[in-house]
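Asks: sequence first, predicted model second:
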Amino acid sequence: MKRRGAPVVAAAALLFGAATGCQTVDLGAPPADVNLCEPSQQYFVTQIWPNFLGNTYNSKHCFDSSCHGTGTLTAMTLTDITASIATLSTPPPNPLPPDILADYAQATQKMNCADPLDSDLLIYPENRLAHGGGMLIAPTGPEPTLVQMWITAP
């Protein structure tokens, strides 16, 4: 048995909507892509690397082979770009040299631009989630402030 009523009702509703001039609701601009996080490359070079990711913690560095260095199986891989950064002009070139850009990309993938203090870049070294290196930075230390400022830095 065929049902003919449903298509007729749907067609009637469509015609009624067209005849009465359906109004659209303006929802405003679409929200920013939550996965899009492109904080300042210059701030990464001048603040994030020298004062956080390139810093020494308990006689170790984030980029050490036993931590997040090349060849490790961690979610973030860094290389020691300290010497490369020292040779950059001021302001740094855009785009950054490939080695620096690679570390910048690794760091930004761990960012939460909507809530920088809830970024993996801070959660793990603060040891809020288990971190192989233990607690390296304090939630009240300078690193969370640097990361928070990174989002708005020019």
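Replies: Arrived safely, thanks for sending.
Asks: residue contacts, Ser40?
Replies: Contact analysis of Ser40 by Cβ atoms under 8 Å, 6 or more residues apart in numbering lists Trp150, Ala153, Pro154. C-beta here means a position set from N, CA and C on the backbone, and glycine is covered the same way.
Asks: name the SS class of the first one, please.
Replies: In this case it means Trp150. With DSSP: H, G, I helix; E, B strand; the rest coil as the basis, the three-state label of Trp150 is helix.
Asks: please enumerate the helices of this protein.
Replies: For the chain, the helices defined by DSSP state H occupy 5-20, 41-43, 82-86, 98-108, 120-123, 142-152.
Asks: in this protein, where is pLDDT below threshold?
Replies: The chain contains residues with pLDDT under 70 at 1-36.
Asks: for Pro97, give its distance to Met111.
Replies: 21 Å (Cβ to Cβ, to the nearest Å).
Asks: looking at the two, which is more packed in?
Replies: Met111 (20 against 14; other Cβ atoms under 10 Å).
Asks: how many residues are close by the nearest residue to that one once chain neighbours are set aside?
Replies: Here the nearest residue to Met111 in space, its sequence neighbours aside, is Cys37; by Cβ to Cβ, 6 or more residues apart in numbering that works out to 4.5 Å. Number of residues near Cys37 (other Cβ under 10 Å) recorded here: 19.
Asks: now do the same contact list for the nearest residue to Pro92 once chain neighbours are set aside.
Replies: Using Cβ to Cβ, 6+ apart and skipping residues adjacent in sequence, the residue nearest Pro92 is Val45, 4.8 Å away. By Cβ under 8 Å, 6+ apart, Val45 lies in contact with Ile85, Leu88, Pro92, Leu96, Ile100.
Asks: all good on my end, thank you.
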